[in-house]
Structures are given as structure tokens and as C-alpha cells.
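>>> everything below, folded, please.
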Amino acid sequence: MIAALEGFTQQLVPVNGIKLNAVTGGAGSPILLIHGWPETWWEWHHVMPLLAAHFSVVAIDLRGAGFSDCPLDGYDKATMARDAHEVMVALGHERYAVCGHDVGGMVALPQAAIHREAVTHLAVLDVPLPGWTGWEAATARLWHFGFHGNRDLPERLIHGREYDYVSAFMAERFYDHGTFNPADIEIYAKAMALPGRTRGGMEWYRTLAADHAAALDYKKHKLEMPVLGLGGDQRFGAQMVPMLQEFANNVTGGAIARCSHYVADERPHEVAAALIAFLKAS
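Here you go, the predicted structure:
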């Protein structure tokens, strides 16, 4: 099953020595959407049409996911941020907003820190960020960080069981299971089963120690652009604003009610409304 969304087109964009899959639509000021694990650009498929009425929307598959390339290395978040930035430049967007969820948020933060001249607004959705003072304590409670960080073992255990793993993993992180669509899980599982993609996703976790060290440097020069922090009230919602205030001076946001980790899946209208209000306010 190849995911497609009416009103949007897909293309492979050469960037940073690889090709990334980018899905584009809408018109207006540009916003880049970056997915998390174990999803693809399809994470945003409920949000994208709502944003496209106001903005030029770009959603990508990260390096190692979906139809983007999955090279042997380059999974530190600064390199992945360069990938994402170069996609926007290649599409003609010299200045743009960026919104990342989960690992996508770990990419969006260094993207804003490294490419300050380009990023006009930053939004980070429901994720503990490398560099945060609560990083070690928070990640110690997340079993999959350690599991995914093991070399080769997750790939061997997940191979052929992608749907079982993705469905169980995501179900554990939903609050409103009425929004849990098995057809979406099938899309993510089939994407993970493509050659090299399970390994690509695991590599995102294997660089986190280096990402944490790099992020400590970002805190020395706080971000000045507007920053939005959102999360599910059943997950990281209460932590997002104070977490991001360690990195930025102009932070707003809060928790989305009756929602857990997969905010764009569970509460797409609330996410889109928050992004529209955030981007139009400044």
C-alpha cells in the first residue's frame, strides 16, 4: 500500500548526498512537518489538508524511513536536520516554519539552532529532547530507547513481525483508541518492512548520546524565534513548555486534553488549530 493524499504530490529530492521523499501541497508561507518513530510522512495526513488552506505544506520521510534513502550513517540529528533544511531550500523555501513530533522534534530543534537564519518558527510535539535537564531521567523510563539502541538485535527480532511490533507499540501510546486506525498501522508496518528501514529507524536511537552532547551546546545560545511546545496530557504535555524554555526565550504551548503521544493521529484538528494560531500570531 502506497500512501497518497488528495491535493498533494510526492517527489524524491536530492539533498546532502542522499534522496528524501517529500510530499507537498497548499499555498502560502511554508511549513515543514517531520514525523517520528515508527511512522512516516503519513503521520500528518489528517493535519496536512487543514494546514494547506493557509500554508505551503511540506512533509518528509526522514533519512532511514519510508521512501527516503537509508544510508549506513548520518543519523545524528544535526545531519538529519541538514537533510530537512536542504529539502526546503531545494523546494524554493529559503525561510520556513518547522514542526517535528517525537524523533522529528529531535531533528527540528537542531534545525532551528543550526539554521537560525532560515527557521522562522519552531514547533515540537510530545518528545523528551536531548539536552534537556530531565533527559536521563525521562529516557531511563522508556524501555524502547535501550532496546532500539542495541546493535542488530531489534532488526533480527522485528523482521517479519513489523505489523505486530508497530501495532503493539503504538497502541500502548494511544489514549483514545477510537482514533487508532489499523489501515494507518499497515502503512507504517509496510514502510518499515522495506529493505533497510528497520535498521534506519534503529539508527535514530543509536546516536542519542552524541545528540545529547550536541544539544547542550545549543542551550548556550537560546533561540529567539517563536517556539510552540505541545504534547498529550497523558504523555509529555506538561513538560513541553518548561523543556523548551531551556532552549528558547519565546515559548508558548501546553497539553492537549484526552491525548497521549501520537497527537497528530489522536487530535489532528487540535494540532492543526494550534499550529495555525501560532503561525498567524507572529
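>>> all helices of the stretch 1-150 of the chain, in order?
With DSSP state H, counting those that start in this stretch applied, the stretch 1-150 of the chain shows helices at 48-52, 77-90, 103-114, 135-140, 143-149, listed in chain order.
>>> would JSON lines of those with distance to residue 217 be doable?
C-beta coordinates here come from the backbone N, C-alpha and C atoms, glycine included. JSON lines is the format used below for these (distance: least, CB to CB, whole Å):
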{"stretch": "helix 48-52", "distance to residue 217": "32"}
{"stretch": "helix 77-90", "distance to residue 217": "10"}
{"stretch": "helix 103-114", "distance to residue 217": "8"}
{"stretch": "helix 135-140", "distance to residue 217": "14"}
{"stretch": "helix 143-149", "distance to residue 217": "22"}
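>>> return the most buried member of those.
The highest mean neighbour count among the helices of the stretch 1-150 of the chain belongs to helix 103-114 (a mean of 28), with neighbours defined as mean count of other CB atoms under 10 Å.
>>> now do the longest strand anywhere in the chain against helix 77-90: the angle between them, please.
In the chain, assigned by DSSP state E, the strand with the most residues is strand 18-26. Between the axis of strand 18-26 and that of helix 77-90 there is an angle of 50 degrees, by axes from the mean of the first three to the mean of the last three CA atoms, to 10 degrees.
>>> note down every partner strand of strand 18-26 and its orientation.
The strands beside strand 18-26 in its sheet (DSSP bridges) come out as strand 9-15 (antiparallel), strand 55-60 (antiparallel).
>>> residues in contact with the last one?
Contacting residues not belonging to strand 55-60 are listed as 8, 20-35, 41, 44, 48, 51, 68, 84, 87-88, 91, 93, 96-97, 279 [CB atoms under 8 Å, 6 or more residues apart in numbering].
>>> just give me the residue right at the centre of the protein.
Within the chain, one residue has its C-alpha closest to the average C-alpha position: by CA atoms, centre = their mean, that is residue 104, at 2.1 Å.
>>> want to throw the strands paired with strand 18-26 into CSV with mean pLDDT?
Shown next, in CSV, are those (pLDDT from 0 to 100):
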stretch, mean pLDDT
strand 9-15, 98
strand 55-60, 98
